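Q: test case, fold it:
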Amino acid sequence: MAGGSARKALIVAAALVFVVFAVRLADRTRASAPDFAINWTAAQSIREGRPLYEADAQRELAARHDVRLDIPLYDDLYRSFIGLPTTAALHLPLTGLSLLTALRIHRFLELLAFGGAIGLLAWVVPRRSRWLAVGAGALTVVALDPFTDSLRLGQIDGWIVLALAFAVWCAARDRWWWCGIALGIPVLLKVSPALLVGYLLLRGRWQAVVAALGTVGAGLLLSVLIAPGALGDWWHHVRPGLADGTIHAQNMAAPAWLGRVFAPSDNLLDYSHSIPTMWRTATVLAGLVCISWLAFERRRARFDPLEIGVLIVGALLVGPVTWENYLTWLLVPIVLLADGDRWSNLSGPGVVARATGLGVAILILVRPVELYSSTVRVWSSGRPVALVLLLVVIVSTLRVDAPIREPASSAAGGARP
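A: Prediction:
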C-alpha cells in the first residue's frame, strides 16, 4: 500500500515538473529554429534535386520556401548545412508541410524520443531502481539547459539519444547485432559516435561492429541514391572545415576549450577561429589511449552498459565540435547511474566523493548559456569541466564493478542462445 502511494505521489510530482518544463519550453521556443530551418531546407534540396552544399542554392531555396529567421544563414560554415546527406534525408517526411507545422511536429516527436529513451534506459537498471531511474531521467530533461536548447534549435538529438538508449538496452541483453544497428544511426547523423564502434571492436564485440558498419554503409548508399554527388561534396568541401573545429565559446569539446584558454584573441564568438592542430592531435591521442586502457581493464569483465556511457562522454570531449545541444546525450549515463545497486557497493567516502562530483557536474549543466557576458572565457570552461567530472565518476564506478566475470556462454564470443 505504501509503495502504491509513493508511486502515485511520484507520478503527480513528475506531472507537475513536466508542466513547469512545458511553460519554460514554450517561452524558449518562441524564437526561430535556425538548425531545423537549415535541415528542412536541405531536405527540400533533395526533394527537388538541388545541390546540398552550395550556399547560394540553399539561400535561394530558403527564400522561395519563405524561411525567415532572426540571423543570417549560409554566410559561413556553421550557419550552413554541414551534416551528412543522411541528416537531410531524415527530414524528408516533413518537406510536404509548411516550415512552422513541420517544426511543431518535429519538436513533439523529439520529446517523445527523449521519453522513449528514458523508458529503455530505466528497463536496463534493476527493477527496484527503475522508478528512481525514470525520475532521474525526467529531471535531467527538465532541468538541464541543453534539452531546451536542442528543442529551441530544432535539432535531432532526440533520435540520437533514443538510438543510443536502444543500443544500451541491447548490450545489456547481449543482443549485439541489434546494438550495432542502433549505434550506426547516430554515426550517420553526427559522425562522432563512431568512437563507440571503435571501442566495441577493442572489446571483441564483432557482431556489433559488423552491424554498425553495415548500417552506416547502407545509410551512405541510400544517400548516394537519393542525392547523387552530395556525399562527395561533403567529404571534399565540408569535412575539412569540421575537422579543424572552432574555438567558439559554444563549442564544448576539450580541444576547443584548450584553444580558448590559450587563444591570443578575446573574440571567442567568431566561428572562423579554428582549433590549433596541436590541441586537436593531443586530445585525440589522449582519447585513444584512454579507451584502449578501459578496454584492457575490462577485457575479462562482463560488458557493463555503463561502458557505453563512458564512450558517450568521451566522444563529446574529444571531437572537434561539441555544441551545447549535444550534451543531451548525457541523458544515457545519468540515467544508468541512477542504479541503487551501484551505489550500495561503495564505501561511505566513495559515495560522498562520487555524489559530489556528479552534483557539481549537474549544477554546471543546469546553468543557462551566457555567451555575451564579460566572463565568457571563464563561463565557456564550465561545460568541459562538467564532462570531465562526469567521466571520472562513471569510470570510477566501473572500476568498482571490474572483478565481475563474464559467463562462459558469452565469453566465447556471442549473444545468448
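Q: use CA for all of it now, contacts and neighbours both
A: Fine.
Q: most centrally placed residue in this structure?
A: Computing the C-alpha centroid of the chain and ranking residues by C-alpha atoms, centre = their mean puts residue 329 first, at 3.3 Å.
Q: which residues touch the closest residue to that residue other than its chain neighbours?
A: Nearest residue to residue 329 in three dimensions, chain neighbours excluded: residue 161, at 5.5 Å (C-alpha to C-alpha, 6 or more residues apart in numbering). Neighbouring residues of residue 161 by C-alpha atoms under 8 Å, 6 or more residues apart in numbering: 113-114, 117, 328-329, 331-332.
Q: kindly report the same for residue 38.
A: Neighbouring residues of residue 38 by C-alpha under 8 Å, 6+ apart: 80-81.
Q: follow the chain on from the helix or strand where it lies and name the next helix or strand.
A: Element membership for residue 38 (DSSP states H and E) is helix 34-48. Using DSSP H and E, the helix or strand that follows helix 34-48 in sequence is helix 55-64.
Q: what angle do that following helix and helix 34-48 make?
A: Interaxial angle of helix 55-64 relative to helix 34-48 (axes from the mean of the first three to the mean of the last three C-alpha atoms, to 10 degrees): 100 degrees.
Q: how deep is the nearest residue to residue 184 once chain neighbours are set aside tucked in, by neighbour count?
A: For residue 184, ignoring the flanking residues on the chain, the nearest one in space by C-alpha to C-alpha, 6+ apart is residue 212 at 4.4 Å. Per other C-alpha atoms under 10 Å, the neighbour tally for residue 212 reads 27.
Q: helices or strands next to whatever helix or strand residue 212 lives in in the packing?
A: Assigned by DSSP H and E, residue 212 belongs to helix 206-226. Counting contacts by 3 or more C-alpha pairs under 8 Å, 6 or more residues apart in numbering; DSSP states H and E, helix 206-226 packs against helix 85-90, helix 176-190, helix 194-202, helix 230-233.
Q: nearest to residue 366, out of these?
A: Nearest to residue 366, of all the helices and strands packed on helix 206-226, is helix 176-190, at 23.8 Å by C-alpha to C-alpha.
Q: hmm, back to that, the residue nearest to residue 329 is in what secondary structure piece?
A: Per DSSP H and E, residue 161 falls inside helix 157-172.
Q: now the angle between helix 176-190 and that helix, please.
A: Using the same axes, to 10 degrees: helix 157-172 against helix 176-190 is 160 degrees.
Q: pLDDT on helix 157-172, on average?
A: Here helix 157-172 scores 96 as its mean pLDDT.
Q: how about stretch 136-147?
A: pLDDT averaged over stretch 136-147 gives 88.
Q: please apply the same query to stretch 258-277.
A: Mean predicted lDDT for stretch 258-277 stands at 78.
Q: what's the answer for stretch 191-203, then?
A: On average, stretch 191-203 scores 91.
Q: so what's the gap between that stretch and the chain middle?
A: 14 Å (C-alpha atoms, centre = their mean, to the nearest Å).
Q: now swap in stretch 86-100 and tell me
A: The chain centroid and the centroid of stretch 86-100 are separated by 21 Å under C-alpha atoms, centre = their mean.
Q: ends of it, how far apart?
A: Terminal residues of stretch 86-100 are spaced 22 Å apart (C-alpha to C-alpha, to the nearest Å).
Q: wait, is the residue nearest to the centre of the chain part of a strand?
A: No. Residue 329 is assigned helix when assessed by DSSP: H, G, I helix; E, B strand; the rest coil, not a strand.
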